[in-house]
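Visitor: my questions concern the predicted model and sequence given below.
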Amino acid sequence: MKRSKRYREAFSKVDRLNRYDLATAINLLKEVPVTKFDETVEIHMNLGVDPRKADQQIRSSLVLPHGTGKQVRVLVFAEGEKADQAKAAGAEFVGVDEYIDKITKDSWMEFDTVIATPNLMGKIGRLGRVLGPRGLMPNPKVGTVTMDVETAVREAKSGKVVYRVDKFSNIHVPAGKLSFDAGNIRENLITIIAAILKDRPSTVKGTFIKSMTLTSTMGPGVKLDVAGVTLEAKS
């Protein structure tokens, strides 16, 4: 298949056999000719866990120090005072039955994050078939089932990311936009890596992070020096 000039130029900058430090990897991505949109920077990790075991199903969330660069649309299932708090915090959509109907009957999906108060989980549980596969179902483990809807909305708006290990033991986490300052991208990445290191299950023996790759939406995959980057995250 014939590749574009930009594609060939991008991949020519990366030595596929090399393992790069974080700063060099970020600079390599930023040197690639720009696209017509601001690409998302992502880190992909392969972990030495067995997702079939309940205690090794890593799932959590964190707020990036420099945000994601994405405008996040928040849907909150709440009533009364909690609904008022969600609106005041900046949630675009707040309610219960009307939004359950829009999702189930109209296939409405014009939101990026869903938050719910615990008392309503029984009512919105039937949305699991729709929201679950998209990673949008509210979950107490990542702070989206909570009575503190005000904080949850503000965190979502300020750059909260949710991550979970897939069935192949991989984790994929957005770390900002390619237009970000290189130092800010690095700080976001260090925050992500440090959080995942803390999530290491006590039952995992041997190597925890087997590989790391940094990439952008349309850019090349840049393999990272796991030992060196891990050391940075721990310091």
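Guide: Received, thanks. Residues are numbered from 1 along each chain as shown.

Visitor: which strands or helices does the longest helix along the chain pack on?
Guide: Of all segments of type helix in the chain, defined using DSSP state H, the longest is helix 182-198. Under the contact definition 3 or more Cβ pairs under 8 Å, 6 or more residues apart in numbering; DSSP states H and E, helix 182-198 sits against helix 22-31, strand 40-47, strand 59-63, strand 160-164, strand 170-177, strand 209-216, helix 226-234. Backbone N, C-alpha and C define where each C-beta goes, glycine included.

Visitor: swap in 6 Å and give it another go.
Guide: Packing partners of helix 182-198 (3 or more Cβ pairs under 6 Å, 6 or more residues apart in numbering; DSSP states H and E): helix 22-31, strand 170-177, helix 226-234.

Visitor: now it, how far from the chain's geometric center?
Guide: Centroid separation between helix 182-198 and its chain, computed with Cα atoms, centre = their mean, to the nearest Å, is 12 Å.

Visitor: do the same with stretch 97-115
Guide: That offset, for stretch 97-115, works out to 21 Å (Cα atoms, centre = their mean).

Visitor: CA atoms only: put it into PDB for me.
Guide: Presented in PDB, the C-alpha positions along stretch 97-115 are these (Å, rounded to 0.1, in the frame of the first residue of the first chain):
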ATOM      1  CA  ASP A  97     -35.600   9.800  33.300                       C
ATOM      2  CA  GLU A  98     -35.400  12.100  30.300                       C
ATOM      3  CA  TYR A  99     -31.800  11.200  29.700                       C
ATOM      4  CA  ILE A 100     -32.400   7.500  30.200                       C
ATOM      5  CA  ASP A 101     -35.100   7.700  27.500                       C
ATOM      6  CA  LYS A 102     -32.800   9.700  25.100                       C
ATOM      7  CA  ILE A 103     -30.100   7.100  25.400                       C
ATOM      8  CA  THR A 104     -32.300   4.000  25.200                       C
ATOM      9  CA  LYS A 105     -34.900   5.200  22.600                       C
ATOM     10  CA  ASP A 106     -32.900   7.800  20.600                       C
ATOM     11  CA  SER A 107     -29.400   6.300  20.800                       C
ATOM     12  CA  TRP A 108     -28.300   9.700  22.100                       C
ATOM     13  CA  MET A 109     -24.500   9.700  23.000                       C
ATOM     14  CA  GLU A 110     -23.500  13.400  22.900                       C
ATOM     15  CA  PHE A 111     -21.500  13.300  26.100                       C
ATOM     16  CA  ASP A 112     -18.000  12.200  27.200                       C
ATOM     17  CA  THR A 113     -18.400  11.400  30.900                       C
ATOM     18  CA  VAL A 114     -21.300  10.000  33.000                       C
ATOM     19  CA  ILE A 115     -21.600  10.600  36.700                       C
END
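
Visitor: and for it, what's in contact with it?
Guide: Stretch 97-115 has contacts (Cβ atoms under 6 Å, 6 or more residues apart in numbering) with 72-76, 127, 130, 136, 138, 144, 149, 152, 156.

Visitor: thinking again about what came up before, as CSV, the helices and strands packed on helix 182-198 with mean pLDDT and distance to residue 97 would be great.
Guide: Formatted as CSV, those follow (pLDDT from 0 to 100; distance: least, Cβ to Cβ, whole Å):
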stretch, mean pLDDT, distance to residue 97
helix 22-31, 92, 45
strand 170-177, 96, 32
helix 226-234, 91, 45
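
Visitor: so how far is residue 15 from residue 223?
Guide: Distance of residue 223 to residue 15, given as Cβ to Cβ, to the nearest Å: 9 Å.

Visitor: common neighbours of those two, please.
Guide: Counting by Cβ under 6 Å, 6+ apart, nothing touches both residue 223 and residue 15.
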